[in-house]
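[1] Sharing a model that was predicted from the sequence below.
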Amino acid sequence: MFFTFLNRETYYSIDLSSLLNYKPEQIIYYYYNSCIELPFECYQALQESADSDGAPDVIAVEWLNLMEEDLKCHQDLLHLKENEFIHQLGPYYYSPTNTRFYFSRESSCLPLTAADFGIIMDLKNSPAADQLLHKYNKSRKNAKKVARNKEELLEDLSMCLAALGEIEKLNRHINYLNKFLEMRYEIIQNENLGPAEPDNLPEKPQKITENEKGLNNLILFSRNRQKQTPAASNYNHEMKVYFIRYREYEKACDRYKEALENWVVLSSSFMDACKKDIEQAEQSLKNARRTLSVYNNIISRSYVHAEYQDTNTLSTFKHYLETGRCVDIQDCMNVWADENHWAEIKASQERIENTIYFLQNDTEYTRFADQKINDMLKKINDKPSKVNHEA
């Protein structure tokens with residue numbers, strides 16, 4: 001799923017900030033043939049935003065229209081607010097994208113925020129091509145192996161550093177597009193594609209009977225009506241809750257039947273939308289790879305050897321040249337090698353010193369512990385002789 005870029009395992013729950021910052025079609029775009037969970041408080045907050053004394057929030061109005069006109073869940077949500085025994089309503093079917101909506105008293109998992117969706121939507125947008133890098137790439141078609149002067153080398157280092165930054169952004173964008181295409185292809189290749197059945201069938205409580213072992217099949221009669229036991233009272237309460245929840249399940253089944261009827265009409269348009277998304281994503285992927293090849297060419301034709309073509313090393317080389325420590329690429333490599341060599345020696349020395357320090361401390365602690373043990377043993381050994389002497 002797209003939300004792997006957020007390092008999130010759950011992504012169905014959405015918070016209010018997402019609804020107030022992004023239109024329904026922007027959010028639902030990531031939930032084709034999937035489901036969305038919304039806390040009930042979101043619906044209340046959307047109503048307040050849409051009914052504010054000032055200009056109504058346009059995005060809030062669009063979400064309310066989706067919920068009240070397309071999903072037709074307004075009355076049910078009022079019932080959820082009033083009835084403490086109902087914790088979740090749904091699914092409600094949005095057929096154009098085959099998306100199921102659930103409304104809960106509380107989120108079942110950590111919800112996605114507007115910031116989370118911002119990250120995903122930034123990945124969707126193709127990074128703008130760097131015109132300066134494109135121009136420099138054209139100038140390096142006839143690549144020379146050695147820079148003519150320090151200024152030319154500095155320019156090459158700057159272009160390589162910029163190219164590496166653009167490559168990182170493009171790779172993330174390409175990974176996003178590949179994941180997006182994987183999910184869309186999975187949808188259109190699904191032979192059993194369609195609305196999913198309601199999955200919130202309540203569990204019927206089991207009546208707890210008293211232990212009748214040893215009574216065989218005898219039936220006891222009593223003229224006096226016995227008082228209701230706590231177990232029976234609890235069972236009656238559970239059955240009441242069960243019937244309330246089962247009624248909501250029946251409503252969900254009715255919505256499912258209606259969604260099946262709508263699916264006959266809307267399935268073809270849904271598939272067309274998926275294919276259009278695939279076409280656009282493939283074109284974006286093609287453009288991204290073309291731009292990526294330009295940046296990779298800059299790196300491959302650099303005056304710097306491939307072994308040193310990482311951001312930290314190139315930045316260090318640039319610093320050497322700018323501060324006058326080096327005048328050419330060979331000087332940069334020599335100074336860099338010397339500094340790394342001495343850094344490794346210093347790190348090894350620090351490790352040795354730390355090891356010696358801990359060993360010394362360990363010896364001191366061991367001596368201290370041995371002294372304490374000896375003192376305790378001496379007291380134990382001296383105690384009987386003292387008692388005998390007093391006797």
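    All right, it came through fine.
[2] Just the pLDDT for residue 107.
    Per-residue confidence (pLDDT) for residue 107: 79.
[3] Which secondary structure state does it sit in?
    coil (DSSP: H, G, I helix; E, B strand; the rest coil).
[4] same question, residue 93
    Classification of residue 93 by three-state DSSP places it in strand.
[5] burial measure for the residue nearest to it when sequence neighbours are not counted, as a count.
    Of all residues not flanking residue 93 in the chain, residue 259 sits nearest, at 3.7 Å (Cβ to Cβ, 6 or more residues apart in numbering). C-betas here are computed from N, CA, C, even on glycine. Residue 259 is flanked by 21 other residues according to other Cβ atoms under 10 Å.
[6] so where does residue 259 fall, helix or strand?
    Residue 259 is part of helix 230-300, with elements assigned from DSSP states H and E.
[7] which helices and strands does the helix or strand just after that helix pack with?
    Next helix or strand after helix 230-300 toward the C-terminus (DSSP H and E): helix 311-323. On a contact count with 3 or more Cβ pairs under 8 Å, 6 or more residues apart in numbering; DSSP states H and E, helix 311-323 meets helix 150-188, helix 329-390.
[8] Show me what counts as buried in helix 311-323.
    The neighbour-count check on helix 311-323 (16 or more other Cβ atoms under 10 Å) flags 313-314, 316-318, 320-321 as buried.
[9] What of stretch 169-183?
    Across stretch 169-183, burial judged by 16+ other Cβ under 10 Å covers 169-170, 173-174, 176-177, 179-181, 183.
[10] Can I get that stretch in CSV? Just the C-alpha atoms.
    In CSV, the C-alpha atoms belonging to stretch 169-183 read as follows (Å, rounded to 0.1, in the frame of the first residue of the first chain):
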residue,chain,number,x,y,z
LYS,A,169,13.7,12.7,-4.7
LEU,A,170,13.1,11.1,-8.1
ASN,A,171,13.8,7.6,-6.7
ARG,A,172,11.2,8.1,-4.0
HIS,A,173,8.7,9.4,-6.6
ILE,A,174,9.5,6.4,-8.9
ASN,A,175,9.0,4.0,-5.9
TYR,A,176,5.7,5.6,-5.2
LEU,A,177,4.6,5.2,-8.9
ASN,A,178,5.6,1.6,-9.0
LYS,A,179,3.6,0.9,-5.8
PHE,A,180,0.6,2.8,-7.1
LEU,A,181,0.7,0.9,-10.4
GLU,A,182,1.0,-2.4,-8.5
MET,A,183,-2.2,-1.6,-6.5
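[11] who's in contact with residue 50?
    Residues near residue 50 by Cβ atoms under 8 Å, 6 or more residues apart in numbering: 56-57, 60-61, 64.
[12] Next, find the distance separating it from residue 116.
    Per Cβ to Cβ, to the nearest Å, residue 50 is found 24 Å from residue 116.
[13] And residue 191, by the same measure?
    For residue 191, the distance to residue 116 equals 32 Å [Cβ to Cβ].
[14] same deal with residue 335?
    Remark: distance between residue 335 and residue 116 (Cβ to Cβ) = 44 Å.
[15] out of the two, which sits in the more crowded spot?
    Higher neighbour count among residue 335 and residue 116: residue 116, with 20 against 15, using other Cβ under 10 Å.
[16] Just the pLDDT for that one.
    94.
[17] That one is in contact with residue 7, isn't it?
    No: with contacts counted by Cβ atoms under 8 Å, residue 116 stays clear of residue 7, the gap being 10.5 Å.
[18] From the contact counts, what lies against the helix holding residue 259?
    Going by 3+ Cβ pairs under 8 Å, 6+ apart, helix 230-300 lies up against strand 88-94, helix 131-139, helix 150-188.
[19] how far off strand 88-94 does it point, in degrees?
    Orientation check (axes from the mean of the first three to the mean of the last three Cα atoms, to 10 degrees): helix 230-300 against strand 88-94 gives 50 degrees.
[20] average model confidence for helix 230-300?
    Average pLDDT, helix 230-300: 93.
[21] now it, how far from the centre of its chain.
    Centroid separation between helix 230-300 and its chain, computed with Cα atoms, centre = their mean, to the nearest Å, is 17 Å.
[22] again with stretch 130-140
    Distance, centroid of stretch 130-140 to centroid of chain: 36 Å (Cα atoms, centre = their mean).
[23] got it, and stretch 329-345?
    With Cα atoms, centre = their mean, you get 41 Å for stretch 329-345.
[24] I believe residue 102 is in a helix; please confirm or correct that.
    No: Residue 102 sits outside any helix when classified using three-state DSSP, being strand.
[25] Hmm, residue 94 and it touching each other?
    No: with contacts counted by Cβ under 8 Å, residue 102 stays clear of residue 94, the gap being 11.8 Å.
[26] Where does the prediction get shaky in this protein?
    1-2, 53-54, 143-144, 209-231, 357-370, 372-374, 376-391 (pLDDT under 70).
[27] now with 80?
    Along the chain, the model assigns pLDDT under 80 to residues 1-5, 9, 52-56, 81, 107-108, 141-145, 147, 207-233, 348-350, 352-391.
[28] domains for it, by residue range?
    Under automatic domain parsing, the residue ranges defining each domain of the chain are 1-124, 127-210+226-327, 330-390.
[29] which of the ones you listed is buried the deepest?
    Mean neighbours per residue, mean count of other Cβ atoms under 10 Å, is largest over these for domain 1-124, with a mean of 17.
[30] centre of the chain versus that one, how much separation?
    Taking Cα atoms, centre = their mean, the mean C-alpha location of domain 1-124 is offset from the chain mean by 17 Å.
[31] ditto for stretch 127-134
    Chain-centre distance of stretch 127-134: 30 Å, with Cα atoms, centre = their mean.
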